[in-house]
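In: Sequence and predicted structure are below.
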Amino acid sequence: MTVVRRLARPLLAAVFITGGLDALRHPSRRAEQAAPVVTALSGFTGIPDDPELAVRANGALMTTAGLMLATGRLPRMAGGLLAAALVPTTYAAHPFWSEQEPEARRAALVQFQKNTALLGGVLLAAVDTEGKPGLPWRARHAASATRRAARRAAATTRREARLAARSTRTERRQARTAALAARRQAKQAACAVREGSHQITGAAGRQARQTLTQARSALS
């Protein structure tokens, strides 16, 4: 956490902590201002039509969220809770549009604008990621990484398919070459056998003629 955040968060949270504690201890004055808003909300939300209880609950929320923001515990959640608590408070406590006297209207408008300024501050606290990537960026980055991984996987699959097809064609060529070589060797072996049989036949004939000649010489 930077020095600026260490200073800014307690400064922003202080007004919510003190205001929340005051609402818890002295809810009666605020309850009168909040009565119309609480009555209107209870009609369609089902919350109890008890202005004092609503003021105390709002004060407890402001105190708790203010302490969270001041101490840096879940500051983004604390900023969101403070924004949610500040909107009905501002509407109920400073309705400048309903004031008839110019001075009263001007004073209520000033307080209304102060609260809207605080609302802007807690909204900034709610989206402050302290320099870290936020959820939208992380979601976009994750989606982009997923698309890149899918494209790489598809390219790898296509490359492996091409290599497999090429390997299959090479194996087929090698098989055809081996078959041709085997046929040539078989032909050569057959030729060798035929030539050998002719040589054997010629030698046997010569031996027979020699034997016959010797027999005739003996008889004479």
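Out: Perfect, thanks for sending it. No experiment lies behind these values; they were computed from the predicted model shown.

In: any idea which element the most centrally placed residue in the chain lies in?
Out: Closest residue to the average C-alpha location of the chain: residue 142 at 3.6 Å, with C-alpha atoms, centre = their mean. Secondary structure from DSSP states H and E places residue 142 in helix 135-219.

In: How about residue 47?
Out: Secondary structure assignment for residue 47, by DSSP H and E: no helix or strand.

In: Name the nearest residue to it, ignoring sequence neighbours.
Out: Once flanking residues are discounted, residue 47 sits nearest to residue 41: 5.9 Å by C-beta to C-beta, 6 or more residues apart in numbering. Every C-beta, even on glycine, is put in place using the N, C-alpha and C of the backbone.

In: one step back: quick one: the residue nearest to the centre of the chain and residue 164, what's the gap?
Out: For residue 142, the distance to residue 164 equals 32 Å [C-beta to C-beta, to the nearest Å].

In: now do residue 10
Out: 66 Å.

In: what does residue 173 give?
Out: 15 Å.

In: Tell me where this structure is predicted with low confidence.
Out: By pLDDT under 70, the low-scoring segments of the chain are 1, 133-135, 137-138, 193, 195-209, 211-212, 214-220.

In: Just the buried residues of stretch 111-126, please?
Out: By neighbour count with 16 or more other C-beta atoms under 10 Å, stretch 111-126 contains the buried residues 112, 115, 118, 119, 121, 122, 125, 126.

In: what do you get for stretch 89-98?
Out: For stretch 89-98, the neighbour count (16+ other C-beta under 10 Å) marks 89, 90, 92, 93, 94 as buried.

In: would CSV of those residues with secondary structure and distance to residue 185 be doable?
Out: Compiled in CSV, the buried residues of stretch 89-98 are given as follows (DSSP: H, G, I helix; E, B strand; the rest coil; distance: C-beta to C-beta, whole Å):
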residue, secondary structure, distance to residue 185
89, helix, 101
90, helix, 101
92, helix, 105
93, helix, 106
94, coil, 106
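
In: from the middle of its chain, how far away would the helix or strand containing residue 19 be?
Out: Residue 19 belongs to helix 3-25 when elements are defined using DSSP H and E. Offset of helix 3-25 from its chain centre (C-alpha atoms, centre = their mean, to the nearest Å): 36 Å.
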